[in-house]
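Q: heads up, no residue letters with this:
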C-alpha cells in the first residue's frame, strides 16, 4: 500500500515506537513543554525518519490520510478543539490499550460510532469491553529486541517490571509483589520503583539485556492489558512466572513455557524451583521464546496494521484535496 500520513499521539512510547515500524508517516502531537500525552517525537526511543513532531496548533493546517486516537480525551476533546470538520471526517481509528476499569464486563466504550475502527491490543480486552455498534478489530502486540541478546539467567533472583507499582495498588499487584518478595528474592524496575525499595527505571532499549541476567521474570499484575515488557522478556528467552489472568492465560503454557496460576503459593514454589534449577529455567524460557517469536513478531504486527489501515482508508468517503484550506477560520 502507499504510505499514509497519519496523525496520532504519544500515549505509550514503546507501543508508538513499534507502531511506527509500519511504512507510513506518523505525525505525533506535541504541546509546549511536552507534557504527558503530548510529547511528540521525543524521548529515548530511536525514532525513524518517518516520525515527525506535530505542534498541536498546526494540526488544522496539515493534510492527513488517517487519524489514530489512543486516549479518551484525544477522541472526546482534541479532535473538536484542534481539528477542522473535514479532518474529523477522515478515516479514524481508536487504539484501546487497556481493560475496562469501572466495571469489568458492562462498561460501554466511549467510542460509539460505526465509522470509527476500534482496535483492541488483546482478545481479552475485546471480550471485556462493551463496544456497542463500533466495529472492532484485534491487533496483538508486535515487538523487537536487540540482536545478540539472549538469556543468561546467572543472577539467582527474579525481576519484576511495573511502573509506579506503589501508586497503582492491587490492580497492578503491589500487594502480590510485596507478599512474594518475603519468600523469594525479587528486584523491581520501573518508574517509581525506588518508592518500594526497587532499583529504579531502566530505559526501554536496555531492558531486554538487563532482564536476561535474571533467573526468571515475575508478573504480579491482576488486571490490565498484556505488557510489552512481558513479551520482550519472552523474546529473549527468560522464563515468565505470572498470574493466570487477562490475556496472560493464553500466553504462558503452564509448566511448559513458563508458569501461570491464580494460586500465589504455587507460583512461589515454582519460583523457588527455578532458583534451584537453572537448566529447567532455560528450557522453559526457550519454549516461551519460540512461542513469542511466532505470535508477537514485528512483521506480523506491521502486516496486521497495514491490512487495517487499507480497510479504513478504502472505505472512507472521499475528501477534497485542499479541504483544510477551505475550512480554516478567517
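A: Looks like it came in fine. Small disclaimer: the values here were computed from a predicted structure and weren't measured. Numbers count the residues shown, from 1 in each chain.
Q: what about the closest residue to residue 88 other than its chain neighbours, distance to residue 113?
A: Using C-beta to C-beta, 6 or more residues apart in numbering and skipping the chain neighbours, the partner closest in space to residue 88 is residue 79 (5.5 Å). (Glycine included, C-beta is placed from N, CA and C.) Going from residue 79 to residue 113 by C-beta to C-beta, to the nearest Å gives 11 Å.
Q: and the two? which has more neighbours close in?
A: residue 79 (19 against 15; other C-beta atoms under 10 Å).
Q: Ramachandran angles for that one?
A: When quoted as degrees, to the nearest 10, the phi and psi of residue 79 stand at phi -60, psi -30.
Q: tell me the pLDDT at it?
A: pLDDT recorded at residue 79 is 97.
Q: Contact partners for it?
A: By C-beta atoms under 8 Å, 6 or more residues apart in numbering, the contact list for residue 79 reads 67, 69, 87-88.
Q: Longest helix in the protein, please.
A: If you go by DSSP state H, the chain has its longest helix at helix 278-296.
Q: just how off-centre is that helix within its chain?
A: Helix 278-296 has its C-alpha centroid displaced from the chain centroid by 21 Å (C-alpha atoms, centre = their mean, to the nearest Å).
Q: helices or strands up against it?
A: If contacts are counted by 3 or more C-beta pairs under 8 Å, 6 or more residues apart in numbering; DSSP states H and E, helix 278-296 sits against strand 214-219, helix 228-236, strand 258-261, helix 264-276.
Q: contacts for stretch 33-52?
A: Contacts for stretch 33-52 (C-beta under 8 Å, 6+ apart): 3, 9-11, 13-14, 16-17, 20-21, 23-31, 53-56, 71, 73-74, 203-205.
Q: Okay, strands next: where are they in this structure?
A: Secondary structure of the chain (DSSP state E): strands located at 5-8, 25-30, 51-55, 66-69, 92-96, 116-120, 136-138, 155-161, 186-189, 214-219, 240-243, 258-261.
Q: pLDDT weak spots in the chain?
A: Scanning the chain for pLDDT under 70 picks out the ranges 315-330.
Q: Domain parsing of it, as residue ranges.
A: Domains of the chain are assigned by automatic domain parsing as 5-142+298-327, 155-296.
Q: closest to residue 148 out of these?
A: With respect to residue 148, and counting by C-beta to C-beta, the nearest of the domains of the chain is domain 155-296 at 8.9 Å.
Q: ok now the closest one, how far from the chain's centre?
A: With C-alpha atoms, centre = their mean as the basis, the mean position of domain 155-296 lies at 16 Å from the chain mean.
Q: Kindly check the end-to-end length of that domain for me.
A: Using C-alpha to C-alpha, to the nearest Å, the end-to-end distance of domain 155-296 comes to 27 Å.
Q: coming back round to it: what's the most buried one of the domains of the chain?
A: Of those, the one with the most neighbours on average (mean count of other C-beta atoms under 10 Å) is domain 155-296, at a mean of 19.
Q: for residue 150, what are its contacts?
A: Residues near residue 150 by C-beta under 8 Å, 6+ apart: 212, 236-237.
Q: Dump those to CSV, plus distance to residue 38.
A: Compiled in CSV, the contacts of residue 150 are given as follows (distance: C-beta to C-beta, whole Å):
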residue, distance to residue 38
212, 34
236, 32
237, 37
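Q: quick check, nearest of these to residue 139?
A: So of these, ranked by how close each gets to residue 139 (C-beta to C-beta), first place is residue 236, at 22.9 Å.
Q: is it true that that closest one touches residue 211?
A: Yes: counting by C-beta atoms under 8 Å, residue 236 touches residue 211, with 6.8 Å between them.
Q: For residue 249, list the residues it contacts.
A: residue 260.
Q: let me redo that: residue 171
A: By C-beta under 8 Å, 6+ apart, the contact list for residue 171 reads 221-224.
Q: Enumerate every residue touching the residue nearest to residue 193 when sequence neighbours are not counted.
A: Closest residue in space to residue 193, ignoring its immediate chain neighbours: residue 200 at 5.4 Å, by C-beta to C-beta, 6+ apart. Residues near residue 200 by C-beta under 8 Å, 6+ apart: 189, 193-194.
Q: Equivalent analysis for residue 278, please.
A: Shown in contact with residue 278 (C-beta under 8 Å, 6+ apart): 153-154, 215.
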